[in-house]
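A.B. asks: take a look and give me a structure for this.
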Amino acid sequence: MVRQFFLLLTALPLLAIESTRIWDAAPHSAFTDLIRHKNQWLCLFREGRGHVSTDGSIRVLTSRDGQKWQSIAHLTLPNLDLRDPKITHNPKGELMLTAAAARRERDGQTPVPHDTMAWFSKDGKTWSEPTKIGDPNFWLWRASWHKNQVLMVGYPTNTRNGVSRLYSSTNGRKFETLIPDFVKEGFPNESTIIFQKDGTALCLVRRDAKGVNALLGTAKPPYKDWKWADVGARVGGPNFIELPDKRLIGVVRLYDNKTRTSIVELNANGGIKELETLPSNGDSSYAGLVWHKDELWISYYSSHEGKTSIYLARWKP
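C.D. replies: Numbering: from 1, shown residues only. Prediction:
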């Protein structure tokens with residue numbers, strides 16, 4: 001049963017935060033992720049003519065200091081729109097990149113057939129050939145590893161009335177359905193799973209049906225029995241981490257007054273508190289998060305300066 005909780009969204013002045021535009025070479029740059037790999041930063045995102053276009057590709061940037069960035073890889077697939085790239089490490093220390101591949105005949109066309117693809121790399125420059133993962137027309141949005149198991153939530157791309165599925169794999173290449181009806185109501189879609197030290201999984205789920213909010217779920221291994229709480233707000237591009245002090249901090253798109261990208265604190269029992277608003281507006285959000293040297297490093301995209309561009313923010317709680 002979903003529990004209802006009071007929503008607290010209080011916009012505060014920017015305190016200890018920096019935000020810098022790091023890339024704007026394409027007409028539209030969006031949907032980021034961020035990782036530390038061998039003492040370097042990797043930031044990846046989609047490039048294309050527009051938010052929904054036939055020419056979507058994946059750009060990979062690298063930086064030693066988070067200030068000077070250079071492109072080291074550009075992934076494309078013929079006649080496919082690559083979307084929402086996400087990156088993580090597998091147990092071998094390899095990079096695992098996942099993204100959706102949409103078979104689109106014209107810009108703006110939806111819905112269209114989708115496959116989810118996975119690539120692997122040791123250095124972020126040279127990538128394996130892509131492997132299809134999950135089921136056709138299910139978008140497996142973000143991979144999360146715990147020990148030798150990776151979980152991904154997939155949602156149907158050919159309907160707004162479907163249910164999401166929870167997938168599991170031991171190698172990141174072949175996935176099995178762990179729960180076929182993971183979230184059943186409210187058009188569940190983009191979802192991020194994180195793991196606590198004791199193996200407890202937390203899952204933040206975006207829902208887009210009218211009048212419904214995001215959900216935050218918890219489960220113990222083997223991750224087949226989930227308890228859900230109503231976050232109290234609609235969110236987009238859900239991503240969150242657990243800080244060393246045990247707080248659950250997310251960066252999401254909020255919609256209540258004006259669309260914006262904000263740092264929020266989540267309560268595992270339900271509820272959300274807006275801590276700070278990043279420089280953002282309109283087409284925005286989809287953050288990558290890394291806790292590094294007592295700061296939260298945040299990649300995101302925004303159109304508040306006119307053109308959708310990639311930004312890097314640093315927040316010291």
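
A.B. asks: isn't residue 276 up against residue 265?
C.D. replies: No. Judged on C-beta atoms under 8 Å, residue 276 makes no contact with residue 265 at a distance of 10.3 Å. For glycine as for every other residue, the C-beta is placed from the backbone atoms N, C-alpha and C.

A.B. asks: secondary structure element for the closest residue to residue 90 other than its chain neighbours, which one?
C.D. replies: Closest residue in space to residue 90, ignoring its immediate chain neighbours: residue 96 at 5.0 Å, by C-beta to C-beta, 6 or more residues apart in numbering. Residue 96 is part of strand 95-102, with elements assigned from DSSP states H and E.

A.B. asks: that strand pairs with which strands, parallel or anti?
C.D. replies: Strand pairing for strand 95-102, using DSSP bridges, gives strand 81-89 (antiparallel), strand 114-121 (antiparallel).

A.B. asks: between these, which one is closest to residue 304.
C.D. replies: Of all those, strand 81-89 sits nearest to residue 304, with 20.7 Å by C-beta to C-beta.

A.B. asks: pLDDT averaged over the closest one, what's the number?
C.D. replies: For strand 81-89, mean pLDDT rounds to 98.

A.B. asks: which outside residues touch it?
C.D. replies: The contact list for strand 81-89 (C-beta atoms under 8 Å, 6 or more residues apart in numbering) reads 31, 33-35, 37, 42, 44-46, 48, 52-58, 75-76, 95-104, 117, 139, 141-145, 150, 190, 286, 288.

A.B. asks: so which of the residues you listed are in strands?
C.D. replies: 31, 33-35, 37, 42, 44-46, 48, 57-58, 75, 95-102, 117, 139, 144-145, 150, 190, 286, 288 (DSSP state E).

A.B. asks: one step back: out of the contacts of strand 81-89, which are buried?
C.D. replies: Buried members of the contacts of strand 81-89, scored by 16 or more other C-beta atoms under 10 Å, are 31, 33-35, 37, 42, 44-46, 48, 52-58, 75, 95-102, 104, 117, 139, 141-145, 150, 190, 286, 288.

A.B. asks: list the contacts for the nearest residue to residue 247 once chain neighbours are set aside?
C.D. replies: Once flanking residues are discounted, residue 247 sits nearest to residue 265: 5.9 Å by C-beta to C-beta, 6+ apart. Listed by C-beta under 8 Å, 6+ apart, the contact set of residue 265 reads 247-250, 272-273, 275.

A.B. asks: sketch out the low-pLDDT regions of the stretch 1-150 of the chain for me.
C.D. replies: Low-confidence segments of the stretch 1-150 of the chain (pLDDT under 70): 1-16.

A.B. asks: let's see 50
C.D. replies: Along the stretch 1-150 of the chain, segments meeting pLDDT under 50 span 1-15.

A.B. asks: hey, where'd the helices end up in the stretch 201-317 of the chain?
C.D. replies: Here the stretch 201-317 of the chain has no helices by DSSP state H, counting those that start in this stretch.

A.B. asks: so which residues of it form strands?
C.D. replies: For the stretch 201-317 of the chain, the strands defined by DSSP state E, counting those that start in this stretch occupy 201-207, 215-219, 227-230, 235-242, 248-254, 260-266, 272-277, 285-292, 295-302, 309-315.

A.B. asks: contacts for the last one?
C.D. replies: Contacts with strand 309-315, where a contact means C-beta under 8 Å, 6+ apart, come from 16-24, 29, 32, 34, 43, 45, 66, 263, 276, 278-280, 295-303.
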